[in-house]
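# let's see this in three dimensions:
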Amino acid sequence: MPTLSLTVWPKHGTTVSAKHPSFFLIRKAHSIYTPPPISSPTKPYPSSKNPRVVFSCSPTCACGPQLSPSPGRRNKRSAPEMLRASRRSLCAGAAARRHAAAFAVSGDAAAATTTAAASPANPPRSVTNREPGVSPHGGKRLFSVLAAPKLNGAKSISSLKLRESTLVGRRFESSAAAVDSSDAPPAEKFEYQAEVNRLMDLIVHSLYSNKEVFLRELVSNASDALDKLRYLSVTEADLLKDGSELYIRIQTDKDNGIITITDSGIGMTRQELVDSLGTIASSGTAKFLKTLKESQEASVDSNLIGQFGVGFYSAFLVSDKVAVSTKSPKSDKQYVWESEAESNSYTIREETDPEKLIPRGTRLTLYLKRDDKGFAHPERIQKLVKNYSQFVSFPIYTWQEKGFTKEVEVDEDPAEAKTEGDGETKKETKKKTKTVVEKYWDWELTNETQPIWLRNPREVSTEEYNEFYKKTFNEYMDPLASSHFTTEGEVEFRSILYVPATKKEDITDRKTKNIRLYVKRVFISDDFDGELFPRYLSFVKGVVDSNDLPLNVSREILQESRIVRIMRKRLVRKAFDMILGISCSENRDEYEEFWENYGKFLKLGCMEDKENHKRIAPLLRFFSSQSNEELISLDEYVESMKPEQKAIYYIAGDSLSSAKNAPFLEKLNEKGYEVLLLVDPMDEVSLQNLNSYKDKSFVDISKEDLDLGDKNEEKEKEIKQEYSQTCDWIKKRLGEKVARVDISNRLSSSPCVLVAAKFGWSANMERLMRAQSIGDTSSLDFMRSRKVFEINPDHEIIKGLNAACRSNPDDSEALKAIDILFETSMISSGFTPDNPTDLSSKIYDMMSAAMAGKWATQPQPAQTSQQQPAAPSSPESELLEAEVVEPVGADQQK
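The predicted model follows:
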């Protein structure tokens, strides 16, 4: 836009119209401009009747510099000269309207010019720009303020109709705010320096998952303001001249839905209000930290919380309107910042109400939305402060209703008067008292609990740890153990971990809210799904406080990063050290209590956390064949191993008795080898994932290829040659039911046993998989590999079958004995027969054959036979005989 200087010389008369709001008309400026007639023109300029007006535009203007002609020099001009003159008039009008914007009224402006001839013999005089208010002759010039006149109705407007080629100049609206006619300073209106409509929508509806975090963010900002004041006051003591007390006060008005948060921090100047609150995502704390780093003093203050510059705007989660009244010790004035939730602008004004002035700091007033007025209840505010800002280093006071009891006198009705003689006497009035509660409102300190994790562990007693645990996690029992530690180096954080005395969570609960994450003592979240602790350690409770964590902008979600992985690794390591301390305690009952509550969690860790197998294995406990129903550790098992024993043996069963009496243990019991008895459904899987412990591999004695370290190859070769035909005969009879028939080295008293394949399911695992109620177990049939049928060559039944195989292999009784032997071995080995009814019928037939003739009717004694008479001829004789025989039988029994 070209710039223009307007100069009035008091030598000639010029009339300036001041009636129409959209046009300014300069008479006698040059010959080609003739204004329309005005019904009531204003008086001419008082100092002269016809002054000369000089217009000088900037070099970029198309009209160029030009001097208006004086009277008597109005010669004819060419068309280009007339066009340039018209342009100069319009440029002068636009410039004058801008300079007189304070007196302009809204509306469109237009100017029209009429063409006239001009003589080229007298070209216009060129005038250059000079200092404002200085004439080319060295004298001072006078400036006139041009007011735009108003049109009188539609007639005046119609008289200004323009042709198609007419140049039109439009007036620009002023960005200045309207001036208030009151004595209060005017409020300046600003627009946010961002795409507010979209960004504020993200903040209010998408950035924060929970509305109640608004109080956390605003209290954190107040804490930052106090921290900044405390740091700056070290070098500038005058900052505390208005009071050295540092505090945060929160007052609510539940009837009107208003929350007021006041702090005595550093406050803000007017420019800081514009920079910090007027620019979304501009963090004053981040700028302050940058300044500290540049001065190489960042380590002095590391407790500042805000980082992203959007925490303040969380107030609009619950508020329709927000007002910030702030007073900086560096400024003598107090300013008020105001904005509404759906607005893209804000206002800043000076506070003039004496009742609202504060000595220093910031007062934040939230006018809550209709649906969120529940946040204005004092009890809810107190609860939110205790949850999110319990450990802020500055005292937080909330406005609470309190009461105290007092005794007050209660007047009773006077006793009836008694008349004695001529006079009347009245008994004295009896006064009684009652207890009443006097209500009043006062400030109450809300964050009383101190963050003991910031103290030296040597200075904290066990009672303090237990008390902190009960208050933080709402527990009533002391924890089994605690661990207080500080981690430094690449990742710095402080933490206190606890092992609860009782189990409240199930192993299937993925989110337990047992770990509370703090950043600079401000609660961030307790909703984690394996970011800080694995699922199998979800029973561990504790707090973790760090000065710098990779949080998202809302400070609610812990982002995955290398720092988080390092932190997780160190927390898990400390948790295992704490549990190991319980296991090494002299009081064995403590770890038995722990194992009863959380043993399944550690077994789950064997399946999910391969990296920590070495830390989990010493904490496991199992029954054994020699422990007399007491749990033992793997360390105790290894210490009691025989010198020739090479592996850790185990067997899984559905109960302790069935596992302890299984035929697989016969030979191991003879050798004195201890066997772990796995009776919990998770035991077998956990040991299979461990593979080994202290270079000792885990061996399932219910599977094939069991090596007990006592092989005699020559003897085994002789036995195999002797029973090879019998093994083939039995395999032919059983068919596809078994993979093969072998000579067993694990049996001593049982005739046979059915063992699982080396890489297949054991009998216990097959039972568990069949019991699954979810999923199609038929797809895992390949894991039910064919079994191996092992026979004991030293047993009489096997010797009999060996003889039958050699003499009569087709004998039906011998073949039937093989079937019964196989199915009974399935039961004793832990498997389930395919047809239990068929097995029971075979057993009944065998029992009948075995019992036939063994308890047959024997010949009766002679005396009994002699006493039996011949057949009676009548019923009476039968009765008589019965009467005689019955006492004889009774005497014989006696």
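
# and for stretch 435-442, what are the contacting residues?
Applying Cβ atoms under 8 Å, 6 or more residues apart in numbering, the contact partners of stretch 435-442 are 399-408. All C-beta spots, glycine's among them, are computed from the backbone N, C-alpha and C.

# closest to A617 among those residues?
Checking those against A617 by Cβ to Cβ gives Q400 as the nearest, at 53.4 Å.

# where does that closest one land in three-state SS?
Classification of Q400 by DSSP: H, G, I helix; E, B strand; the rest coil places it in strand.

# what pLDDT does it get?
Reported pLDDT at Q400 in the predicted model: 92.

# that one: how many residues sit nearby?
Per other Cβ atoms under 10 Å, the neighbour tally for Q400 reads 16.

# who's it bridged to?
Beta-bridge partners for Q400, by DSSP bridges, are D442.

# surely it and V385 touch.
No - Q400 is beyond contact range of V385, at 11.2 Å (criterion: Cβ atoms under 8 Å).

# now the contacts of stretch 435-442 as CSV including distance to K439?
CSV is the format used below for the contacts of stretch 435-442 (distance: Cβ to Cβ, whole Å):
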residue, distance to K439
W399, 13
Q400, 11
E401, 6
K402, 7
G403, 5
F404, 9
T405, 11
K406, 12
E407, 16
V408, 14
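
# pick the one among these closest to V738.
Out of those, the member with the shortest distance to V738 (by Cβ to Cβ) is Q400, at 79.4 Å.

# picking up where we left off before, narrow the contacts of stretch 435-442 to those that are buried.
Buried by 16 or more other Cβ atoms under 10 Å: 399-400, out of these.

# which two in the contacts of stretch 435-442 are spaced the farthest apart?
Checking the contacts of stretch 435-442 with Cβ to Cβ, the most distant pair is W399 and E407, at 27.9 Å.

# give me the phi and psi for G265.
With angles defined as degrees, to the nearest 10, G265 sits at phi -90, psi -150.

# distance of it relative to E236?
As for G265, its distance to E236 is 14 Å (criterion: Cβ to Cβ, to the nearest Å).

# which of these two has more residues huddled nearby?
Neighbours were counted for G265 and for E236 using other Cβ under 10 Å; G265 has more, 25 against 12.

# excluding its backbone neighbours, what's nearest the more buried one?
Distances taken as Cβ to Cβ, 6 or more residues apart in numbering place A225 nearest to G265, at 2.7 Å, with adjacent residues excluded.

# quick check, the one you found in a helix?
Yes - A225: assigned to a helix according to three-state DSSP.

# OK, contacts around it?
Contacts of A225 (Cβ under 8 Å, 6+ apart): 263, 265-267, 361-362.

# from these, pick the one nearest L734.
Taking Cβ to Cβ as the measure, L734 lies nearest D263 of the contacts of A225, at 85.9 Å.

# so what's the residue count around the closest one?
By the measure other Cβ under 10 Å, the count of residues near D263 is 29.

# quick one, what contacts it?
By Cβ under 8 Å, 6+ apart, the contact set of D263 is 222-223, 225-226, 247-249, 361-362.

# take these and lay them out in CSV including pLDDT and distance to L532.
Putting the contacts of D263 into CSV (pLDDT from 0 to 100; distance: Cβ to Cβ, whole Å) gives the following:
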residue, pLDDT, distance to L532
A222, 91, 28
S223, 90, 24
A225, 90, 30
L226, 91, 29
Y247, 93, 33
I248, 95, 29
R249, 96, 34
G361, 93, 36
T362, 94, 34
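
# where in the protein is pLDDT low?
Along the chain, the parts satisfying pLDDT under 70 run over 1-184, 192-207, 279-310, 411-431, 506-511, 548, 550-561, 773-785, 853-894.
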